[in-house]
Structures are given as structure tokens and as C-alpha cells.
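Q: Here is the input, now give the coordinates:
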Amino acid sequence: MRVIDVRGLRYRYPDGTQALDGIDFHLDEGECVALFGANGSGKTTFVLHLNGLLQGEGAIEICGRPLTRETQTEARAKVGLVFQDSDEQLFLPTVLEDVAFGLLNQGVAPEQAVARARAALDQAGMSGTLGKAPYHLSSGEKRRVAIAGVLVMQPEILVLDEPTTSLDPPAQRGLVDLLRSLPQAKLLVTHDASFAGALATRAVFFERGKIGGEGSVDEIVRRFNWLAQSRIPELK
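A: Below you'll find the model as predicted:
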């Protein structure tokens, strides 16, 4: 099943910058795809369209349903976005409160929200942090809690924007193990070819708002001379 299907996506920022210029892309169920490209090439702008945070021209289908203003809420339930800066997603006094927040905001009963939050934290390997303040966690722990806050909403697709930012090698290896264990289709916006190679079966290269090429991670790294920002051989 195709869980994301994008055709002819274009987006221009208010200052006139053409950020996306005719993007065609698809993601299949269970697939993991890495998005490479220089800063400003359109990667983050692209993924912000997938749950309606930005609206451009073209067609987007999420799990077989056209993405429109009327279906935004449905799409956002299916596409879980993990931001580059985990502090943007963690803002309540305790980890458990943070992870339960989205469910409570949807009107889920508190007992059920807490139970689901505990299960998501256990899935993310963070069950020992329930009562901790998020700002006391390491960068790697914050990333896992942010992922738990997305998993608790039971999305079908995970989108991670620069997930290895500020993570040391052990934390990166732990993140690879976690993501490998999750059944959702995944999009990884990353500069790190080593991290992408450990997870993704396909890579797409963005250039000036267009897709310049796609193929295996190794093929794209060679074709575009895309060197990893950090090299961690143990990831594979």
C-alpha cells in the first residue's frame, strides 16, 4: 500500500523564494526513505506539507486520501512529525504528562491517556523517566521521549527531521535500534549518510526545490558526493 503519494508539489514562500518546484514522491507501507540535500534545498518544507502545516500547489494523498483543508486533522493523525529540536515538543513538568498531552487534548479519558503514554514510553525505552522533568534528560533521552509523544497517537507514518542532531554515537546507535523496531513507514530528513544507510532502503536527493535523483543510499551518496557528517560504522 502507498501511504504517501505526492504529485507536482510546488510552494513559494511569501518573500518569493521558490522552495518546492514540482516534487513527485511516494512512500510505501513499512518503507524507510532518507531525504538528503543541502540546507535550503526544500526537504523540511516538503515534509511540513505532509500533514498540512504548509499548503502548496499540487496533489498529496495520505494513506489513499487526498490531503485538503477538510482532511488535515485526519492526515495529522496518520503522519507523526518529530522535530529537529526536541525541546519544541517537550514543555510540561514531567515526561509522562508530556507524552499524554496529545491524547488528553483530543478528549481521551485521563486513565486511558496515562496508560497509553506509559506503553509508548516503554516502547521507546523510556519507562524509567515517567516522573522526570524533560529538561533534566540528555539529548538522546529527549529524542526518545519526543518519539514516544508521537507514537502514543498511533500514527501510520513517522517523519523525523534531522534526528541525529546533538546525539553522541551511543545515542545514535540506540536511536537506530529503536527505529528499526517500529513498524511504521518512515521518512528521515538527514545529512548523515551513515545513519541513513543503517535504516533506509531508498534515498532521495533534493536540489533547489527539486528531486535531483533517487536510488539506494550508497548510490545517492556516490552520485552526489554526499559525505556523512558523522561516521559511525557500528550503526550497520
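
Q: what stretches of the protein score poorly on pLDDT?
A: 227-236 (pLDDT under 70).

Q: count of residues packed around the nearest residue to Ala75 once chain neighbours are set aside?
A: Closest residue to Ala75 apart from its sequence neighbours, by Cβ to Cβ, 6 or more residues apart in numbering: Ile62 at 4.5 Å. Bear in mind the C-beta positions are built from the backbone N, C-alpha and C, glycine included. For Ile62, the neighbour count with other Cβ atoms under 10 Å is 26.

Q: Report the beta-bridge partners for Ile62.
A: Ile4, Arg65 (DSSP bridges).

Q: was I right about it contacting Val79?
A: Yes. Ile62 lies in contact with Val79 (Cβ atoms under 8 Å); the separation is 6.3 Å.

Q: Could I get the contacting residues of the closest residue to Leu53 other than its chain neighbours?
A: Among residues not flanking Leu53 along the chain, Leu81 sits closest, at 7.9 Å (Cβ to Cβ, 6+ apart). Residues near Leu81 by Cβ atoms under 8 Å, 6 or more residues apart in numbering: 47-48, 50-51, 53, 150, 159, 161.

Q: about what we covered before: intersection of neighbour lists for Ile62 and Val79?
A: 50-51, 157.

Q: for these, which one is nearest Arg118?
A: Among these, Ile157 lies closest to Arg118 (Cβ to Cβ), at 23.4 Å.

Q: which phi and psi does that closest one have?
A: Here is the backbone geometry of Ile157 (degrees, to the nearest 10): phi -140, psi 140.

Q: That one bridge partners, please.
A: With DSSP bridges as the rule, Ile157 is bridged to Val79, Ala185.

Q: Quick check: it touching Val79?
A: Yes. Under the criterion of Cβ under 8 Å, Ile157 makes contact with Val79 at 4.8 Å.

Q: These two: which is more packed in?
A: Remark: of Ile157 and Val79, Val79 carries more neighbours, 27 against 22, as counted by other Cβ under 10 Å.

Q: which SS class is Gly22?
A: Look at Gly22: counting by DSSP: H, G, I helix; E, B strand; the rest coil, its state is strand.

Q: okay, now it: neighbour count?
A: 14.

Q: and if you look at the one 3 residues further on?
A: Close neighbours of Phe25, defined as other Cβ under 10 Å, add up to 18.

Q: how about the host helix or strand of it: buried residues?
A: Using DSSP states H and E, Phe25 sits in strand 18-28. For strand 18-28, burial by neighbour count (16 or more other Cβ atoms under 10 Å) applies to 19-21, 23, 25, 27.
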